Every structure is written in C-alpha cells, then in structure tokens.
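**Student:** sequence? don't have it. structure:
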C-alpha cells in the first residue's frame, strides 16, 4: 500500500513565478492538508481540503491556493513567488472522520532564487 | 490551540528509555495531546495521542499528569532509528481537529 506521495521532489523557481505542487493521499484517505516547513522550524499549517473544498486555512496570504480532485488528490499553487517561500512543502492525508491523524508525505523542496 | 513547550534537545543511550517532556499548561478541557516525530529528510510521523489517561501503543507510551498541564512521551528502548525531532501538539478532539500547530520540538539524539 503506497503512502502519501508528492511531486516533484525538488523544484527551483525565480521570484515572481508561479508553482504547482501535487499530492496523492494514502489509499482510503479523503482529507488532505498542506504545510510549509522553513529550515529549522516546525511545519506551519497552510490549509486543509475535504470533499473538494477548503475546510480550514492557516495564516497564509491569498497567493497560496489549493484544489482537491474527486479522487482526493490535491494541488498547492503559489503565485508571485517570494524568496521567503523557499521551504519544504508537506502534504498530509487523513482517514475518514479522523482529520487529526495525519500521514505525511516526504515533501517537495522549493527553492526560490 | 494551546501552546506547548518542549526542551530543544535531549540525548539518550541506545537501549535505554527516552523520556520526552512537554508542558501544556493552558490546554483546554477538550484538547488532546498528540505526539509526532520527524526523522531527518522525512515528513512527520504520528506516534500517539491521549486526553487524560495514560496511553500505550507499539511505538511509545504517553503519560499525562492528572491536572493535564504536562505530559511525557516514553520510548521504552530507544534505538538509533529513534533519532528525530519530536513534536508535542495540543489540538481538538479526534474527529474534529484539523490544524496541527507544530512548535520547534525536541531534537532527540540516540547514541551508542
């Protein structure tokens, strides 16, 4: 049984560009959460998707947006990239009725130059 | 979500018990204590959670004080593979909690 998968593994962009990160949840999971982890810090919650809708959002600007598809996979989009957006972006999926128990993927390392 | 406080780092000899403390003095009545860990270059991994009773699973034990203001995660026989950053999180009841608020955690180094 595959766990949570994320693509790409690494990505390099320049300031002002846009980026899309992808996540496939663990089989049987219906909820996807996204986190940003800066170097030396704990993950920071961006938002959570359930039934193709954003259910909860952290303190991130509107430049960060997402989507969940009918097969429960998800995308994170970041527009107008800033140097400070350089981080590890983590996706986590949760089983039905248990959004608190989150299974994390390996992350996508985004570098903004 | 209540704020949690953890020591920045701890060492433990392999084979010995690792006891990781967490302070959550402002935890509310319906918040649970969750523990996750993050091994280098991997995403966080769920370990255990509890409300007020002690909990045990195949990975660890969780001891919560009677006043619920602090807790201890116990790895009974630490191995080198347990070297990781351990996060203590206070969040709403299972089934309702969505956002996990990670702090900076405790970096546990297990040595030979």
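**Tutor:** Sure thing, it's come through. A quick note: this is a predicted structure, and the numbers were derived from the prediction, not measured.
**Student:** which residues of chain B lie near chain A?
**Tutor:** Residues of chain B lying close to chain A by CB under 8 Å from any CB of the partner chain are B:32, B:34, B:41-46, B:49, B:85, B:87, B:91-105. All C-beta atoms are positioned from the backbone trio N, CA, C, and that covers glycine.
**Student:** show me what from chain A comes close to chain B.
**Tutor:** So chain A meets chain B at A:4, A:31, A:33, A:35, A:40-45, A:48, A:55-56, A:58, A:90, A:92, A:97-107 (CB under 8 Å from any CB).
**Student:** which regions of chain A sit below the pLDDT cut-off?
**Tutor:** In the predicted model, chain A carries pLDDT under 70 at residues A:1.
**Student:** which stretches of it form strands?
**Tutor:** Assigned by DSSP state E, the strands in chain A fall at A:5-7, A:10-13, A:19-24, A:31-37, A:44-50, A:53-57, A:64-68, A:74-78, A:87-94, A:103-104, A:108-112.
**Student:** might one say that residue B:39 is in contact with residue B:79?
**Tutor:** No. The pair residue B:39 and residue B:79 does not pass the contact test of CB atoms under 8 Å, sitting 11.9 Å apart.
**Student:** ok, for the residue most central in space within chain A, nearest residue in space, not its chain neighbours?
**Tutor:** Taking CA atoms, centre = their mean, the centroid of chain A lies closest to residue A:34, which sits 3.3 Å from it. Counting by CB to CB, 6 or more residues apart in numbering or on different chains, residue A:34 lies nearest to residue A:46, which is 4.3 Å off, once chain neighbours are set aside.
**Student:** Provide a list of residues in contact with that neighbour.
**Tutor:** Residue A:46 sits next to A:33-36, A:57-58, A:60, A:64, A:66, A:76 when contact means CB atoms under 8 Å, 6 or more residues apart in numbering or on different chains.
**Student:** tell me the one of the residues you listed nearest residue B:58?
**Tutor:** When these are compared for distance to residue B:58 (CB to CB), residue A:33 wins out at 24.5 Å.
**Student:** what residues are bridge-paired with residue B:33?
**Tutor:** On the basis of DSSP bridges, residue B:33 is bridged to residue B:50, residue B:90.
**Student:** and what of residue B:72?
**Tutor:** residue B:21, residue B:63.
**Student:** again, but for residue A:87
**Tutor:** Residue A:87 has these beta-bridge partners by DSSP bridges: residue A:110.
**Student:** so for residue 42, what's the nearest residue that isn't a sequence neighbour?
**Tutor:** Just going to use chain A. residue B:102 (3.2 Å).
**Student:** actually it's chain B I care about, not the one you picked
**Tutor:** According to CB to CB, 6+ apart, the nearest residue to residue B:42 is residue A:106 (6.1 Å).
**Student:** tally of neighbours for that neighbour?
**Tutor:** Residue A:106: 16 surrounding residues under other CB atoms under 10 Å in any protein chain shown.
**Student:** show me what contacts it?
**Tutor:** Counted by CB under 8 Å, 6+ apart, residue A:106 has contacts A:6, A:9, B:41-43.
**Student:** closest to residue B:75 out of these?
**Tutor:** Nearest member of the contacts of residue A:106 to residue B:75, counting by CB to CB, is residue B:42, at 17.1 Å.
**Student:** pretty sure the closest one sits in a strand.
**Tutor:** No. Under DSSP: H, G, I helix; E, B strand; the rest coil, residue B:42 falls outside any strand and is assigned coil.
**Student:** how near is it to residue B:99?
**Tutor:** Distance, residue B:42 to residue B:99, using CB to CB, to the nearest Å: 21 Å.
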